[in-house]
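Asks: Provided below are the primary sequence and the corresponding predicted coordinates.
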Amino acid sequence: MGKVKGKHRLDKFYRLAKEHGYRSRASWKLVQLDSKFGLLRSSHAVLDLCAAPGGWMQVAVQRVPVGSLVIGIDLVPIAPIRGAISIEQDITKPECSKRVKNLMGERGVRAFDLVLHDGSPNVGGAWAQEAMSQNALVIDAVKLATQFLAPKGNFVTKVFRSQDYNSVLYCLKQLFEKVEVDKPAASRSTSAEIFVLGLKYKAPAKIDPRLLDVKHLFQGSIEPPKKVVDVLRGTKQKRHRDGYEDGDTTLRKVSSAADFIWSDSPLEILGTVNFISFDAPASVPIKEHALTTEEVKHLCDDLRVLGKQDFKHLLKWRMNLRKALSPSQKASASPANIDNQDENKEDEDDKILNEMEELTYAMERKKKHAKKLISKRRAKDKARKATGMQIDALEDGYIDHELFSLSSIKGKKDLVAVDSTSPEEENRNLKDSDDEDIHKESRGQSSSDLDSDEERRRYDEQMEEFLDQAYERFLARKEGSSKQRKRARQAYADKEKLLEGGDDHEGICSENESDKEGTDNESNPLMVSLDDGEKPSQEEITNKWFSQDIFVEAAEGGDFEVSYHSDENEMQVDRPVDKKLSLPDKMVKDKKTSQASKEKDDFEIVPAPSTDTSDSSSSDESDDEDVETKAEILACAKKMLRKKQREQILDDAYNKYMFDDEGLPQWFLDEERRHRQPIKPVTKEEVAAMRAQFKEINARPAKKVAEAKARKKQAAMRKLEKVRKKANSISGQEDISDRSKRKMIDQLYKKAVPKKPQKEYVVAKKGVQVRAGKGKVLVDRRMKKDARKSGMGKAGKGSSKKGKNVKAKGGKGSGKGPAMKGKKGGGKSKKMGVRD
Ligand SMILES: C[S@@+](CC[C@H](N)C(=O)[O-])C[C@H]1O[C@@H](n2cnc3c(N)ncnc32)[C@H](O)[C@@H]1O
């Protein structure tokens, strides 16, 4: 009867039962039922039917209130259990109830609160027969329960899944207010057993004898409606943990193997039965066939526990077997083909289902990924805003490769389109594309992280500030060099001349462009073929570079001057003296080719700036300057980190002097430059604090000093360790008294620990001069007396060692005693040791 053999028998509950000293693993079933329904804690009298070897009895004794009666009955003797009475009887026999009644009389118990039944008939044989006798035994147990159960008492019985199960339920429902069905975890899923609980016995005055008559009861068993389970999608259906769906109460539904193999609707059979039997004579050749492996037989044993793969396995077995047993049927169209079609359909359904599952999973993954990206981006934006830093364009996910790809510009038209896009349009485009970017990102594509207007503005401001500072530093260094200023002014005038007659320069560019126009229409004008036979000369490159709008506009605005040194092969951008906007020195580039320029006359030759002696000022001075500037910048940067302060600094940057008024007299401009210095956003104190920080960093001990200190510390530790060992050995000696041991140990430690230099107060005699050396403090008499008094006060208060010492010393050297006038001090002074 679904008996488990071999290793599987010794499962978790078997081991647990052993550990807890229970006689059977079945004990755990009652433990679990009791935990769920709370049966035992309120039961003062328990009758356990079919109780051997006594596992349930043990649990009952443990869980019932103290002094309760627990009686166990079984066909076989039960070894004594403390707190329980066991009877050797057949529960189907009338003697059994007599014995119980006698015992009840003896113990003064009128009825039982709980009747348990876990009986299994000891009849080996066919399953159906066994199930029948099992259920008959259940009814015998119910009979006893009706005799001995107190009103509202409970009844627990084990039932085997079979056709009679419904009848048992019907019977119990007549007798109990509530009927529950449960399969505790300790009950093996492979077992057909299930537990039925009759709760709150109705205790009817009269019971219809037919209700407890097995023949009568089981004859009228109702055939439950057939319910076909789609076994291949079984996992999607709601599982009935108790093993039964509503209205489906038949436990053992059997189909013969022959029926299953030759049926036209195998899936229906698999869905309706829970056991495929090989007992019928028609199934014998199937059973003996090589294709019917042990695994198949095992699967047929209980279809309820099978999964989708198992059912597929059975269906495959059926198909193969059909082919093997009747090859003629293979060709015939009807049942086999229909089956095949069915199976194919199922397979397809399966595939679709699997695909759908995979798709949903993939979509979820993508969603998660997109969310992650967005949150990452937000976090970065936040961090950037907090620190006021610019985007690190090289970071992953922030590069729009297309944006910087020249290959995306297919022809001149594209280039014109790029050029002609106004900043407003660009911003609009950026905004429009922002949403798209998010979607792109969510699609896992690389997208550019475009700056917001705010960031662009900040970037421009910072760049301008940087340029301003660089130019101011430059001016500060150059100030005083009137020669230089003169030259700059000269350069400025020359530049104007250059611009006036600069048509040639432009002409070259336009000529070059017009030359190529015909061919450039279809090619990217920004991409130059490397295979071109004629490479552009350095001048051409230079011309092209400086012909860009930005330089022309800047030159027109007088921001800087472009000049070209053909002699020195140097191209230079000169800064005007009276403009703050300047380009860094790096703009001066070395010319690599030494090719002579044909158009050298087109450029004004400006001598390279001579190295001023004031520039080569001492390195100390420049270092100081650097530190000062660095401190200023850092102080400023520190302020910029805070939003409010940053906004304040930015606000202050807007003022009425922002724009250079035109037509102002030169002397006024000079004065302005000299006297109207911008107010720095940081105070002197803040800069000083920053400098102090530098100093602090510089003042940190050098590595070697730190190492030396560490070595010293290590040596001290080693010494202490040695002393500790010695002290241990001293304390271990038995022939020395404790006092002397302590003394010796004290001495050891004194030697080991370096002494702190003690302060020594020296009291001078009147009119005698005393030299106070290192560690000596010169005090007058009054002070000395005060010190002694305070020392005595302490000593008087407590019994501390220190106090005592001070007192003793004070006593010695007090008043007119010899210590005061003593000759030890050479008549000139007396020394008095006072502990800190
Ligand atoms: C599964 S065991 C019970 C285990 C028990 N609940 C425990 O925890 O140890 C089933 C018991 O029912 C007993 N049994 C079967 N038929 C019986 C009957 N007619 N009268 C009494 N006991 C019976 C068997 O002897 C067997 O010991």
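Replies: Sure thing, it's come through.
Asks: in the stretch 151-300 of the chain, what residue lies closest to the ligand?
Replies: The nearest approach of the stretch 151-300 of the chain to the ligand comes at Lys158, 7.7 Å away (CB to the nearest ligand atom). All C-beta spots, glycine's among them, are computed from the backbone N, C-alpha and C.
Asks: how about the helix or strand hosting that residue as CSV, C-alpha atoms only?
Replies: Here Lys158, judged by DSSP states H and E, is contained in strand 149-160. Extracted in CSV, the C-alpha atoms of strand 149-160 (Å, rounded to 0.1, in the frame of the first residue of the first chain):
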residue,chain,number,x,y,z
LEU,A,149,-16.9,10.5,22.7
ALA,A,150,-18.1,13.3,24.9
PRO,A,151,-20.4,15.9,23.3
LYS,A,152,-18.2,18.4,21.4
GLY,A,153,-15.4,15.9,21.5
ASN,A,154,-13.2,15.4,18.4
PHE,A,155,-12.3,12.5,16.3
VAL,A,156,-9.3,12.0,14.0
THR,A,157,-9.0,9.2,11.5
LYS,A,158,-6.7,8.1,8.7
VAL,A,159,-8.5,7.3,5.5
PHE,A,160,-7.1,5.9,2.3
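Asks: tell me which parts of the protein are close to the ligand?
Replies: 23-24, 26-27, 50-56, 74-76, 90-92, 118-122, 137 (CB under 6 Å from any ligand atom).
Asks: quick check: PyMOL command selecting the buried ones in those.
Replies: Buried residues within these, by 16 or more other CB atoms under 10 Å, are selected in PyMOL with:
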select buried, resi 23+24+26+27+50+51+52+53+54+55+56+74+91+92+118+119+121+137
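Asks: so which of the residues of the chain next to the ligand are in helices?
Replies: 27, 55-56, 137 (DSSP state H).
Asks: so Asp626 is in which element?
Replies: helix 619-640.
Asks: buried stuff in that helix?
Replies: 631-632, 634-636, 639-640.
Asks: just the residues contacting that helix, thanks.
Replies: 388, 469, 473, 645-646, 649, 680-682, 686-691, 694 (CB atoms under 8 Å, 6 or more residues apart in numbering).
Asks: how about 7 Å then?
Replies: Residues from elsewhere that reach helix 619-640 (CB atoms under 7 Å, 6 or more residues apart in numbering): 388, 645-646, 649, 680-682, 686-687, 690-691, 694.
Asks: ditto for stretch 290-302
Replies: With CB under 7 Å, 6+ apart, stretch 290-302 has contacts from 190, 257, 274-276, 286, 306, 310, 313-314, 317, 320-321, 324.
Asks: which of those residues has the weakest pLDDT?
Replies: Lowest in pLDDT among the contacts of stretch 290-302 is Leu306, which has 75.
Asks: roughly how far does the closest residue to it other than its chain neighbours sit from Pro209?
Replies: Spatially, and ignoring its direct neighbours in sequence, Leu306 is nearest to Leu299 (6.0 Å; CB to CB, 6 or more residues apart in numbering). Note on Leu299: its distance to Pro209, by CB to CB, to the nearest Å, is 44 Å.
Asks: which helix or strand contains Lys98?
Replies: Lys98 belongs to helix 94-107, assigned by DSSP H and E.
Asks: which helices and strands sit right next to that helix?
Replies: In terms of contacts (3 or more CB pairs under 7 Å, 6 or more residues apart in numbering; DSSP states H and E), helix 94-107 is packed against strand 69-74, helix 127-148.
Asks: weakest of the ones you listed in terms of mean pLDDT?
Replies: Looking at the helices and strands packed on helix 94-107, the bottom one is helix 127-148 with a mean of 84.
Asks: which other helices and strands contact it?
Replies: Contacts defined by 3+ CB pairs under 7 Å, 6+ apart place helix 127-148 against strand 45-49, helix 94-107, strand 112-117, strand 149-160, helix 165-175, helix 214-219.
Asks: follow-up on the earlier one: and after the helix holding Asp626, which helix or strand comes next?
Replies: Later in the chain than helix 619-640, the nearest helix or strand by DSSP H and E is helix 643-652.
Asks: buried residues in that following helix?
Replies: Buried residues in helix 643-652 (16+ other CB under 10 Å): 646, 649.
Asks: would you put the C-alpha positions of that helix in CSV?
Replies: Output of helix 643-652 as CSV, limited to C-alpha atoms (Å, rounded to 0.1, in the frame of the first residue of the first chain):
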residue,chain,number,x,y,z
LYS,A,643,24.6,76.3,-3.2
LYS,A,644,23.7,79.5,-1.5
GLN,A,645,27.3,80.8,-1.5
ARG,A,646,27.7,79.7,-5.1
GLU,A,647,24.7,81.6,-6.1
GLN,A,648,25.8,84.6,-4.2
ILE,A,649,29.2,84.6,-6.0
LEU,A,650,27.5,84.3,-9.3
ASP,A,651,25.1,87.1,-8.5
ASP,A,652,27.9,89.3,-7.4
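Asks: between that helix and helix 619-640, how many degrees?
Replies: 110 degrees (axes from the mean of the first three to the mean of the last three CA atoms, to 10 degrees).
Asks: mean confidence score for helix 643-652?
Replies: pLDDT averaged over helix 643-652 gives 87.
Asks: so what's the residue count around whichever residue of the stretch 301-450 of the chain sits closest to the ligand?
Replies: Distance from the ligand to each residue of the stretch 301-450 of the chain (CB to the nearest ligand atom) is smallest for Asp302, at 19.4 Å. Each residue near Asp302 was counted by other CB atoms under 10 Å, and the total is 17.
Asks: Ser162 - nearest residue in space that isn't next to it in sequence?
Replies: Ala131 (3.7 Å).
Asks: pull the number of nearby residues for the one you found.
Replies: Ala131 has 22 nearby residues by other CB under 10 Å.
Asks: gap between it and the ligand?
Replies: Separation of Ala131 from the ligand (CB to the nearest ligand atom, to the nearest Å): 14 Å.
Asks: I'd assumed Val159 was in contact with that residue.
Replies: No - contact criterion CB atoms under 7 Å: Ala131 and Val159 do not qualify, at 9.2 Å.
Asks: overlap in contacts, these two.
Replies: With CB under 7 Å, 6+ apart, Ala131 and Val159 have no common neighbours.
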